[in-house]
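Colleague: The sequence and its predicted three-dimensional model are supplied below.
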Amino acid sequence: MSFEDDYNSIQASVGTEIKIKGSRFIADASPTETASDAETFLASIVNAYPDATHHCYAYRVFADRNIIERSSDAGEPAGSAGAPMLTVIRGRQLLAVTVVVTRYFGGIKLGIGGLIRAYTESTQTVLDKCKIVQHIHQSIVPISFPYELTGAVMHVISEYQGQIIESKYEILTHVNVQIPLRVVDNFKKRLIDSTSNRIMIEPWN
């Protein structure tokens, strides 16, 4: 998956709780686009449960035009918490999401296998409660063209599910068109071909 692709995330923050052999596992999920958003969400959970034994987390977010993934066992045995949580998020092909699982130790050790199952189940449970929404990366394409090409240009805009978000009418017609990022190159080529290269694709403001 690249930055240009459409992606699925969660609509809003959701929390759940499960109990396993006396331990409480409180899972909180939130939409977070950047690492800074994820860290802010993590801090809010830590502040909400300051006396908890562990605050394990995993997130998949954007950094400029790249996707980054981070996870932490937060004091649990290595590989028993953060990595399984991240595996669930990745397996559901979610982006721009952070999950924090807060554990209150109940006095019975679960072992590494038990912890992996507990953190996996906690993450699955909270994501099951989330509403999944699709996001489409958009780009703004500025176009200028003679009035007589209006029909041809509008046809191509409609064909590529574009939306005019700003327009100005002078000797030339100027429009800013919002287009799904994944089809921008094809959109520009189609415009040029449909108008015999009689349009200008450049900023006009």
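Modeller: It's in. Residues are numbered from 1 along each chain as shown.
Colleague: can we go C-alpha only for contacts and neighbour counts from here?
Modeller: OK.
Colleague: which residues of this protein fall in strands?
Modeller: Taking DSSP state E as the criterion, the chain carries its strands at 7-10, 14-20, 23-31, 54-63, 66-72, 97-104, 132-135, 138-145, 163-169, 173-180.
Colleague: List the buried residues for stretch 110-124?
Modeller: Buried residues in stretch 110-124, counted by 16 or more other C-alpha atoms under 10 Å: 110, 115-124.
Colleague: Now tabulate the strands of the chain in CSV and tack on mean pLDDT, mean neighbour count and distance to A81.
Modeller: Conversion of the strands of the chain to CSV gives the following (pLDDT from 0 to 100; neighbours: other C-alpha atoms under 10 Å; distance: least, C-alpha to C-alpha, whole Å):
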stretch, mean pLDDT, mean neighbour count, distance to A81
strand 7-10, 93, 20, 21
strand 14-20, 96, 16, 15
strand 23-31, 97, 23, 11
strand 54-63, 95, 24, 6
strand 66-72, 94, 16, 7
strand 97-104, 98, 27, 9
strand 132-135, 92, 13, 23
strand 138-145, 94, 19, 35
strand 163-169, 93, 13, 44
strand 173-180, 94, 21, 36
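Colleague: okay if I get those strands as JSON lines plus distance to I192?
Modeller: Below are the strands of the chain laid out as JSON lines (distance: least, C-alpha to C-alpha, whole Å):
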{"stretch": "strand 7-10", "distance to I192": "29"}
{"stretch": "strand 14-20", "distance to I192": "47"}
{"stretch": "strand 23-31", "distance to I192": "39"}
{"stretch": "strand 54-63", "distance to I192": "32"}
{"stretch": "strand 66-72", "distance to I192": "30"}
{"stretch": "strand 97-104", "distance to I192": "39"}
{"stretch": "strand 132-135", "distance to I192": "28"}
{"stretch": "strand 138-145", "distance to I192": "11"}
{"stretch": "strand 163-169", "distance to I192": "18"}
{"stretch": "strand 173-180", "distance to I192": "15"}
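Colleague: Out of those, flag the one nearest A83.
Modeller: strand 66-72 (6.2 Å; C-alpha to C-alpha).
Colleague: contacts for that closest one?
Modeller: Contact with strand 66-72 is made by 2-3, 56-62, 81-83, 85-86, as judged by C-alpha atoms under 8 Å, 6 or more residues apart in numbering.
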